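> got a sequence here, can you build the structure:
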Amino acid sequence: MDELHWLSAVDAVRLLREGGLDLAEYVEALIDRTARLTRLNTYVTHDPDRIRRAVADGPHGGPLYGLPFALKDVYDTADLPTSAATPALRGWRPRRDAPLARRLLDAGGTLMGKQTLGELSLDITGNNPAYGPIGNPYNPGHIPGGSSGGTAAGVAAGLVPFGLGGDTGGSLRIPAALCGCVGFRPTHGRYDGRGMVPISSTRDTAGPIARSVADVRLVDAICAPSGADPGLTVELAGLRLGVPSVFFYEDLDPDVATVTEQALGKLASQGAVLVEQDVPDLARLNEAVSFALVLYEVGRELSAYLYQHAAPVALRGLAEEAATDHVRDLLASVLDEDQVTAADHREALTVHRPALRAAYARYFAEHEVDALLIPTTPLPARAHRPPGEDRTVELNGRDVDTFLTYIRNTDPASNAGLPCLSVPSGLSGDGLPIGLELVGPDASDARLLAVAEAVEQALPPLQRPDLERI
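I've put the predicted structure just below:
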């Protein structure tokens, strides 16, 4: 048997069900590995004694049979604090579990802890001044991406087979790409998003990060109330995959361009049909939606969440204690006045977002493509820099905005509410993971996951991170 910490979720469940794997031994291996890799700082809360008690309290039935998992620290949990990695909520415990957390526990899962994130899910680097920087398992001095950086780093490092994160504009797919995992953002509304610290109800989506598409499909079958089909398979040969070069393939880091081109070539050599067509006017359509939604909704929805969940602080206190400069600035800007008017927000919702969704729908219909294929991020992970100095990042010899650059390719599908996921496509010249994003038609989650598994199987497996040097 492979080292226990590298067991896939699918294999671990099978072995646990058949009696070929002792749950206590498996959990102890993950606890030990977590203790040895604390430098990665993937957990906000990880209590080995509590985990051991939960295992001892068994039995653990199906469909997970005790399978360990973790949660980004934005999911309400009654037994563990929910901090959203912000100082004002440190140590606070909500009154009840988020429905998705409860669904996994009721399915027989073992909760290993709550994972570190960019503060309040509003940071893309994983560089949290209050809770510490998260290390990328492929190079701990580099960013893991965000905001679900602790989830991706923990999964990639073999600390846990899967975790649930959240995605507003790329917060599942970006860290999955930078850490060499699979990150799945389902169709907006497919998963129950209640009991999660919010940013934007129009855009926020829960989703899993795992080490394979098969593992993501296992989790999706539990989290989705209907429509999952983990047994569905498709053949790569004959699949029509859209390659929209305008916008998504522009100004790429050379390593991203090379690895993506090699991946496309590999898929084409195995029978996939690459349809080189663009989504017309995408940049303008997306820009009219993106920040109009977030800037109008974030203050209102955080305020409502804090009040409804009896949190110990209101929005003003949350803003005043925020540790990340740009997070504090954003919250302060929405405290007393709207940065986006109600009329502009309504127009974004009722005019511009439908136009963006229609543009995608036309693209899929007119070109008869099963999914779009795009680089998940324009660049791989960059080195951590001190907080406040990481607002820009180098790309092709220029300093560019870190946040806007990393979310460039993930943002449009988020705003359209479409299902999408990132799969590993290769490594950069200096050994850092690069991701390939697949975007499917609205509500095509089950088929998109089957397509993604066919794509994943056609690409060379990603080398695991060398963590012995940490």
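
> for the rest of this, base every contact and every neighbour count on C-alpha atoms.
Will do.

> what about stretch 366-373, distance to the chain center?
23 Å (C-alpha atoms, centre = their mean, to the nearest Å).

> please apply the same query to stretch 53-60.
The chain centre lies 29 Å from the centre of stretch 53-60; the measure is C-alpha atoms, centre = their mean.

> what mean pLDDT does it get?
The pLDDT scores in stretch 53-60 average 92.

> residues near residue 298, how many?
By other C-alpha atoms under 10 Å, 18 other residues sit near residue 298.

> was I right about it contacting residue 202?
No: when contacts are counted by C-alpha atoms under 8 Å, residue 298 is not listed as touching residue 202 (10.4 Å).

> what comes up buried for the longest helix along the chain?
For the chain, the longest helix by residue count, based on DSSP state H, is helix 290-308. Within helix 290-308, the residues scored as buried using 16 or more other C-alpha atoms under 10 Å are 290-303, 305-306.

> do the same with stretch 113-128
Buried residues in stretch 113-128, defined by neighbour count with 16+ other C-alpha under 10 Å: 113-128.

> how far away is the closest residue in space to residue 157 that isn't next to it in sequence from residue 164?
Among residues not flanking residue 157 along the chain, residue 137 sits closest, at 5.7 Å (C-alpha to C-alpha, 6 or more residues apart in numbering). Residue 137 sits 18 Å away from residue 164, going by C-alpha to C-alpha, to the nearest Å.

> now do the helices in the stretch 201-350 of the chain.
Here the stretch 201-350 of the chain has its helices, by DSSP state H, counting those that start in this stretch, at 213-223, 245-248, 254-269, 282-287, 290-308, 315-321, 325-335, 342-347.

> just send the ones you listed back as JSON lines, with distance to residue 57 too.
Below are the helices of the stretch 201-350 of the chain laid out as JSON lines (distance: least, C-alpha to C-alpha, whole Å):
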{"stretch": "helix 213-223", "distance to residue 57": "22"}
{"stretch": "helix 245-248", "distance to residue 57": "50"}
{"stretch": "helix 254-269", "distance to residue 57": "46"}
{"stretch": "helix 282-287", "distance to residue 57": "49"}
{"stretch": "helix 290-308", "distance to residue 57": "32"}
{"stretch": "helix 315-321", "distance to residue 57": "37"}
{"stretch": "helix 325-335", "distance to residue 57": "41"}
{"stretch": "helix 342-347", "distance to residue 57": "49"}
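
> of the ones you listed, which stretch is the most buried?
Stretch with highest mean neighbour count among these: helix 213-223 (a mean of 22; mean count of other C-alpha atoms under 10 Å).

> residues in contact with that helix: which ones?
8-10, 100, 103-104, 107, 162, 182-184, 191-192, 208-210, 228-230, 423, 449, 452-453, 456 (C-alpha atoms under 8 Å, 6 or more residues apart in numbering).

> returning to that earlier point: report the distance from the longest helix of the chain to the chain centre.
The chain centroid and the centroid of helix 290-308 are separated by 20 Å under C-alpha atoms, centre = their mean.

> next, the angle from that helix to helix 325-335.
Using axes from the mean of the first three to the mean of the last three C-alpha atoms, to 10 degrees, the inter-axis angle of helix 290-308 relative to helix 325-335 is 80 degrees.

> now do the contacts for the most centrally placed residue in the chain.
By C-alpha atoms, centre = their mean, the chain has its centre lying nearest to residue 172, at 1.1 Å. Contact partners of residue 172, counting by C-alpha under 8 Å, 6+ apart, are 146, 147, 148, 152, 165, 166, 183, 184, 185, 207, 208, 209.

> chain neighbours aside, what residue packs nearest to it?
Using C-alpha to C-alpha, 6+ apart and skipping the chain neighbours, the partner closest in space to residue 172 is residue 183 (5.3 Å).

> quick one: that neighbour and residue 303, what's the gap?
Note on residue 183: its distance to residue 303, by C-alpha to C-alpha, is 29 Å.

> swap in residue 87?
Shown here: residue 87 relative to residue 303, a distance of 16 Å by C-alpha to C-alpha.

> do residue 319 as well
Going from residue 319 to residue 303 by C-alpha to C-alpha gives 11 Å.

> in the chain, where is pLDDT below threshold?
1-2, 469-470 (pLDDT under 70).

> leaving out sequence neighbours, find the closest residue to residue 197.
Per C-alpha to C-alpha, 6+ apart, closest to residue 197 is residue 74, 5.1 Å.

> quick one: contacts for that neighbour?
82, 83, 84, 120, 196, 197.

> sorry, back to before: what are the contacting residues of the longest helix of the chain?
The contact list for helix 290-308 (C-alpha under 8 Å, 6+ apart) reads 197-202, 312-315, 331, 334-335, 338-342, 344-345, 348-349, 411-412, 415.

> what segments of the stretch 351-470 of the chain are helices?
Along the stretch 351-470 of the chain, counting by DSSP H, counting those that start in this stretch, helices occupy 353-367, 402-407, 411-416, 445-458.

> deepest-packed of those, please.
Highest mean neighbour count of the helices of the stretch 351-470 of the chain: helix 411-416, a mean of 25 (counted as mean count of other C-alpha under 10 Å).

> so how far is that one off the chain centroid?
Chain-centre distance of helix 411-416: 14 Å, with C-alpha atoms, centre = their mean.

> now do that helix: which elements does it pack against?
Here helix 411-416 touches helix 282-287, helix 290-308, helix 353-367, going by 3 or more C-alpha pairs under 8 Å, 6 or more residues apart in numbering; DSSP states H and E.

> residue 240 is nearest to which of those?
helix 353-367 (8.5 Å; C-alpha to C-alpha).

> run through who's touching that closest one.
Applying C-alpha under 8 Å, 6+ apart, the contact partners of helix 353-367 are 242, 275, 277, 279-280, 282, 285-286, 288-289, 369-371, 415-417, 441-442.

> switch to 6 Å and redo it
Helix 353-367 has contacts (C-alpha atoms under 6 Å, 6 or more residues apart in numbering) with 285, 289, 416.

> would you format the residues you listed as a markdown table with distance to residue 403 included?
Converted to a markdown table, the contacts of helix 353-367 look like this (distance: C-alpha to C-alpha, whole Å):
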| residue | distance to residue 403 |
| --- | --- |
| 285 | 19 |
| 289 | 17 |
| 416 | 19 |
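
> residue 260 and residue 423, how far apart?
11 Å.

> now do residue 52
Separation of residue 52 from residue 423 (C-alpha to C-alpha) stands at 33 Å.

> between the two, who's got more neighbours?
A count of neighbours by other C-alpha under 10 Å puts residue 423 above the other of residue 52 and residue 423, at 30 against 16.

> bridged to the more buried one, which residues?
residue 436 (DSSP bridges).

> which residues does it contact?
By C-alpha under 6 Å, 6+ apart, the residues touching residue 423 are 182, 435, 436.

> is it true that the last one touches residue 375?
It refers to residue 436. Yes: in terms of C-alpha atoms under 6 Å, residue 436 counts as a neighbour of residue 375; the distance is 4.7 Å.
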